[in-house]
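J.: next comes the sequence, and after it the predicted model I'd like to discuss.
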2 protein chains.
Amino acid sequence: MRTATDKTSAFDALGELLGERFTTARAVRDEHGKDASWHPPQPPDAVCFPASTAEVARVVAICAGERIPIVPFGTGTSLEGHVQAPHGGVSVDLSRMDRIVALRPADLDATVEAGVTRKQLNRLAADHGLFFPVDPGAECTLGGMAATRASGTNAVRYGTMRENVLAMTVVLPDGRVIRTGSRARKSSAGYDLTRLFVGSEGTLGIATEVTLRLHGLPEAISSAAVSFASLHGAVHTAIRTIQSGIPVARMELLDALLMDAVNRYARLDHAVAPTLLFEFHGSAAGVEEQARDVAQIAAELGGEGFRWSVDAAQRERLWEARHHAYFAALALRPGCQGWTTDVCVPISRLADCVLETQQDLEESPLLAPIVGHVGDGNFHLVMLVDRDDPADQAEAQRIHERLVARALAMDGTSTGEHGVGLGKRAFMAAEHGDALDVMRAVKAAIDPLGLMNPGKIL
Amino acid sequence: MRTATDKTSAFDALGELLGERFTTARAVRDEHGKDASWHPPQPPDAVCFPASTAEVARVVAICAGERIPIVPFGTGTSLEGHVQAPHGGVSVDLSRMDRIVALRPADLDATVEAGVTRKQLNRLAADHGLFFPVDPGAECTLGGMAATRASGTNAVRYGTMRENVLAMTVVLPDGRVIRTGSRARKSSAGYDLTRLFVGSEGTLGIATEVTLRLHGLPEAISSAAVSFASLHGAVHTAIRTIQSGIPVARMELLDALLMDAVNRYARLDHAVAPTLLFEFHGSAAGVEEQARDVAQIAAELGGEGFRWSVDAAQRERLWEARHHAYFAALALRPGCQGWTTDVCVPISRLADCVLETQQDLEESPLLAPIVGHVGDGNFHLVMLVDRDDPADQAEAQRIHERLVARALAMDGTSTGEHGVGLGKRAFMAAEHGDALDVMRAVKAAIDPLGLMNPGKIL
C-alpha cells in the first residue's frame, strides 16, 4: 500500500533528481490533469520535467519503488482523457525532451525525442525535401502521437503512426530502458514490440525516443472542394474515390451544419451543404489527372461547384473551412462543452454509418456536426453539450453509445484515431471480446504493479 | 510432467475428434518435421488435419490438457526450421482449412482460412481486378505468411504481412478463440494484437483465419533488367532509386555468381554480371516514366544493356532468372545443402553490407550467391554447404555470424523476412537486448505452459 510517507520520500528523491523540474504546485498540476477533451480534469499529485531518457528511467524507478502511478504527458492535446490522473501520481511531462536526434535523408528516416512536435520535425525535414505525413491537426508531440496511434487527414495515403514508426526507445515500468525494432524497413526478428507500444497510451511504458519514416515532398500538390445537395452524395463520392484506387492524399467530409458554422466563425461564404475537400500529391500531370477523375465521380453523384487549384494560397483558402472546423463547431453553442468522438468502419459501410448517425441526430435535440477522414472510413461527431445539464449529457451518451454499437456491428472500431483513454474503455469488451483478456495479460506481464497510466484502455 | 499415458489418452481423444485426420504414421510425421531450410528434420509425435476453427480449438485444448507441444504447419516452405518439433508433440496441419471465407471488392479486403495459399487467393481476386501483393516466392499459405511476417519481392511498394493483415482469428494456447482487430482500415482501440500475432511464428497461438488488404491490379506493368561491371554499381543504383522516391514495385539484385548459375540451369544467356531486375506498376505513362528515371540512374552508375518492356511475355523472360535463382544456386554444387539466410539494413548501409559480405566470400572457400530484395535493404545468401563436412559447416556458421553482426552494427535486423525459427534464435539477445525480456514476458503471459511451437524465437 502506498502511504503519505512513501510519497513524501519519493517526492524528495524526485526533487533531488530534478530540482525545479519537479513540482507539486497547484497551477502546474491543474495544467497537467486535463487534455483537449470533454473529460473532467483530474490533476496528478506532482509533475516532473525530465530532460533525458536516463532521467525518465530514474523518475520511473523512484515512482515504482513507492508504487506511485505514472502518467506520461506530451502537449495535452489528446481527446479521450489520456493524461488525466484518476489515481493521482506523477505526471511525466516530456516537453523538455525536444531534440531531433538525427535526420537521415539518405534513409528517409529521423529519430526524435518524444517531446518533439510534428511541426518542429517538418520544419527541419523540409530543408531536405522531406516531410512527416501524419497530421492529426493539433501541434502534438511525436511521442504522444505514437502513444495514441494517431493519424489524421493524410493517413488515407501515408498511413498512421502504426505504419510510420520504425523503432522506439521505451522506459519500462521498472525503469529499464529498451529499444524496440531497428532502422531496417522490415524485420521478422521476433514479436513486433514497436507496434505493441504504438497505441498503448503510456500503459506499458514511456516512449522517450521515436524513429520515424519520412517521405519525399510531392512534386506537385493540388486541392479541390465540392459540395452536394445531400450527405448521401458526398459519402458515396468518397467511397467511389477509394474503390477506384485514386491515391488521394486527403479527403475530408464536413456536413452542412459544420459548413454553416465555419462560414459564421471565419466569415467565409461556402455553400451551406455537405462538402468534400481533397488534396492530391504526385507529378504535375498526376495531380491534374486525380482531380479530373474525382470531379467526374462527384458530378455523377450530384456534386456541385467543383473547384480545384494547384496554387498554394488557393489551397489554403479551400482548406480553411477544415482548419476552423472544431472551434467553429464550438461557437455554434457558446459556452457549451465539445464532446468529440470518432469511429471507423469498412469503406463499404461508411454511407450507412454516417447516414444512420445523421438520422439519429435529426431525431435528437442534440447539435453535433459531422466531420470525417472519410477516405479511411473514419469520422467524428462534435457533440455540443451543456456540461451542467444532466439531460443533455444523457442524450450525448445515448447518441455516443448508438454510434459505437453501429460501428462495431459493421465490423469497424470504436475509435479510429483518438484512442481509448478514459472515454472508450466501456466499449472495449464489446469490441474485443476475449481478446481483451489477452490485452490484460500483456499489460500484467509488462506492468505487473499497474502503475503506468492506470485507468486507461483496460 | 507429461507421461506416455497422458499422450496416449490425448491421442485417443484426437483420434476420436478427427478420425483419419489424425495420424501417427511415420511417413506423415516425417513430412511434417521439416521445412524448406537447412535445419535437420525433427518429426512430431503425431499430425492432425483440422478442418475448422472449432476443431483447431478442440485440438489445442486436448493437447494443452496433457501438456503436449503444438506445432502449426502450413505448407512447410518456411526457411528457419519453423515447423520442426524439437520437443515432439502434435503438428497441426492447416491445409484442410482452405476456404476463401469472403472476398469484398468494395472494401478491397478478403477473409481466408489459414490454409489458403496466396496464389489461390490471387486467382479469385483477379476476377475483381484485385490482387494480394505479398509474394515470398513459394506457394505458401497465408496463415504461414502471417505467422512469419513474410514479405518478398513486392514489399518495397506494397509492404509486408505487417502492413497487409487487418485482422486474425486466433486459437489461444488454452483453446479459446479470439479475433484480433476489425475490418476498419485503422484503429486506436487498444493494443495492436494483430501486429503482435503477425510474426509470432505460432508461439502465441494458431491463426485460423486472416483478413487481408487487397490492392487494385495496376493499369500497366513494365519490367526492366540492367547489368553492371561491379556489385558496387548495382547496389548504388538500387539505393539511388529508393532515395529518389521512384515507386518501384519490385527491385531485385542477383550477383554474377548467381547469374552464371541461372544461365547454366535454365539455358539462358544473360550477362554474367551483377544484375538488377525491376518491375514498375502504374499508368501507361507512369511505368514508362519510372523506367526512364531508373535507366538514367543506372547509366550514371555503369549500368549496361538496360532493357525494358511492357509486354507480359517479355516480362516473364526478364524475370525468369529470378524465378530460377534458388534451384540454380543449388545446382552450382550438386548434392549440397542450401543454407539460406537473410538480413535487412537501412538503405544507406546496403552497399557496405553487401560489399563487405562479398569481400568475406571472396576470402572464403564457401560458394554463396547473393540475391536480394534490395529496395527494402534486404538480401539473402544461399550458402552451398556439404552437410557431412564439419569444416564446411563451420565456415558457413562463421560467414553467417559475421553477416548478422554486420547487419546489427548497421542498425539493421538479423532477419528481414525469413523469421527466427530455430536458425536466428542465437542472435535475438544481440539484436534486442533487454527488449527480449519483454518478448519473453509476453510469451509467458499468453502461453504460460510454453506449449505453442516451443523452441522457436525465444
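T.: Right, received. Where do you want to start? Residues are numbered from 1 along each chain as shown, chains lettered A, B, ... in the order given.

J.: helix, strand or coil for the nearest residue to residue A:95 once chain neighbours are set aside?
T.: Nearest non-adjacent residue to residue A:95, counting by C-beta to C-beta, 6 or more residues apart in numbering or on different chains: residue A:115, 4.6 Å away. Heads up, the C-betas are built off the backbone N, CA and C, glycines and all. Recorded secondary structure, residue A:115: coil (DSSP: H, G, I helix; E, B strand; the rest coil).

J.: what about residue A:115, how many neighbours?
T.: Using other C-beta atoms under 10 Å in any protein chain shown, residue A:115 has 24 neighbouring residues.

J.: residue A:84 versus that one, what's the distance?
T.: 20 Å (C-beta to C-beta, to the nearest Å).

J.: now swap in residue A:237 and tell me
T.: 39 Å.

J.: hmm, back to that, the residue nearest to residue A:95 and residue A:94 touch, don't they?
T.: Yes: in terms of C-beta atoms under 8 Å, residue A:115 counts as a neighbour of residue A:94; the distance is 4.2 Å.

J.: excluding its backbone neighbours, what's nearest residue A:235?
T.: Residue A:235 sits nearest to residue A:351 (C-beta to C-beta, 6+ apart), 4.5 Å away.

J.: residues touching the one you found, list them.
T.: A:232, A:235-236, A:239 (C-beta atoms under 8 Å, 6 or more residues apart in numbering or on different chains).

J.: most surrounded residue in these?
T.: The most crowded member of the contacts of residue A:351, judged by other C-beta under 10 Å, is residue A:235 (28 neighbours).

J.: what mean pLDDT does the helix or strand containing that residue get?
T.: Using DSSP states H and E, residue A:235 falls within helix A:231-243. Mean pLDDT, helix A:231-243: 95.

J.: ok, now stretch A:258-266?
T.: Here the average pLDDT along stretch A:258-266 is 95.

J.: can you list the buried residues in that stretch?
T.: A:258-263, A:265-266 (16 or more other C-beta atoms under 10 Å in any protein chain shown).

J.: how long is stretch A:163-176 end to end?
T.: Length of stretch A:163-176, first residue to last, C-alpha to C-alpha, to the nearest Å: 26 Å.

J.: return the distance of it from the chain's centre.
T.: Averaging C-alpha positions (C-alpha atoms, centre = their mean, to the nearest Å) puts stretch A:163-176 19 Å from its chain's average.

J.: can you mark which positions in it are buried?
T.: By neighbour count on 16+ other C-beta under 10 Å, the buried set for stretch A:163-176 is A:163-176.

J.: same list (these) but as CSV, adding pLDDT, distance to chain B and secondary structure.
T.: Listed next are those as CSV, based on pLDDT from 0 to 100; distance: C-beta to the nearest C-beta, whole Å; DSSP: H, G, I helix; E, B strand; the rest coil:
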residue, pLDDT, distance to chain B, secondary structure
A:163, 97, 6, helix
A:164, 98, 11, helix
A:165, 98, 11, strand
A:166, 98, 9, strand
A:167, 98, 8, strand
A:168, 98, 10, strand
A:169, 98, 10, strand
A:170, 98, 8, strand
A:171, 98, 11, strand
A:172, 98, 7, coil
A:173, 98, 11, coil
A:174, 96, 10, coil
A:175, 97, 11, coil
A:176, 98, 5, coil
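
J.: and those as JSON lines, adding distance to residue A:21?
T.: Below are these laid out as JSON lines (distance: C-beta to C-beta, whole Å):
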{"residue": "A:163", "distance to residue A:21": "34"}
{"residue": "A:164", "distance to residue A:21": "30"}
{"residue": "A:165", "distance to residue A:21": "27"}
{"residue": "A:166", "distance to residue A:21": "30"}
{"residue": "A:167", "distance to residue A:21": "27"}
{"residue": "A:168", "distance to residue A:21": "23"}
{"residue": "A:169", "distance to residue A:21": "20"}
{"residue": "A:170", "distance to residue A:21": "21"}
{"residue": "A:171", "distance to residue A:21": "16"}
{"residue": "A:172", "distance to residue A:21": "22"}
{"residue": "A:173", "distance to residue A:21": "21"}
{"residue": "A:174", "distance to residue A:21": "22"}
{"residue": "A:175", "distance to residue A:21": "18"}
{"residue": "A:176", "distance to residue A:21": "22"}
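
J.: I'd like to know how far residue A:448 sits from chain B.
T.: Remark: distance between residue A:448 and chain B (C-beta to the nearest C-beta, to the nearest Å) = 9 Å.

J.: for residue A:57, same thing?
T.: Counting by C-beta to the nearest C-beta, the gap from residue A:57 to chain B is 12 Å.

J.: give me the contact list for the host helix or strand of that residue.
T.: Here residue A:57 sits within helix A:53-65, counting by DSSP H and E. Residues outside helix A:53-65 that contact it (C-beta under 8 Å, 6+ apart): A:10, A:13-14, A:17-18, A:48, A:50, A:69-70, A:89-90, A:92, A:94, A:97, A:169, A:171-177, A:206, A:208-209, A:449, A:451.

J.: in helices only, show me the residues you listed.
T.: A:10, A:13-14, A:17-18 (DSSP state H).

J.: so which of these is the closest to residue B:445?
T.: Distance to residue B:445, by C-beta to C-beta, is smallest for residue A:10 among the ones in helices among the contacts of helix A:53-65, at 27.9 Å.

J.: starting at the chain centroid, how far to stretch A:95-110?
T.: 21 Å.

J.: who in the stretch 151-300 of chain A is up against chain B?
T.: The interface of the stretch 151-300 of chain A toward chain B, taken as C-beta under 8 Å from any C-beta of the partner chain, is made up of A:151, A:155, A:159-160, A:162-163, A:172, A:176-180, A:182-193, A:195-196, A:198-200, A:215-216, A:239, A:242-243, A:245, A:283, A:285-286, A:289.

J.: ok, residue A:384 - contacts?
T.: Residue A:384 makes contact with A:329-330, A:332-333, A:336-339, A:366-368 under the criterion C-beta under 8 Å, 6+ apart.

J.: give me the neighbour count for residue A:363.
T.: Residue A:363 has 9 neighbours, counted by other C-beta under 10 Å.

J.: gap between it and chain B?
T.: Taking C-beta to the nearest C-beta, one finds residue A:363 at 26 Å from chain B.

J.: got a pLDDT number for that residue?
T.: With respect to pLDDT, residue A:363 has a value of 97.

J.: mind checking the SS state of the most centrally placed residue in chain A?
T.: For chain A, the residue sitting closest to the mean C-alpha position, by C-alpha atoms, centre = their mean, is residue A:150 at 3.7 Å. Residue A:150 carries the three-state label coil when classified by three-state DSSP.
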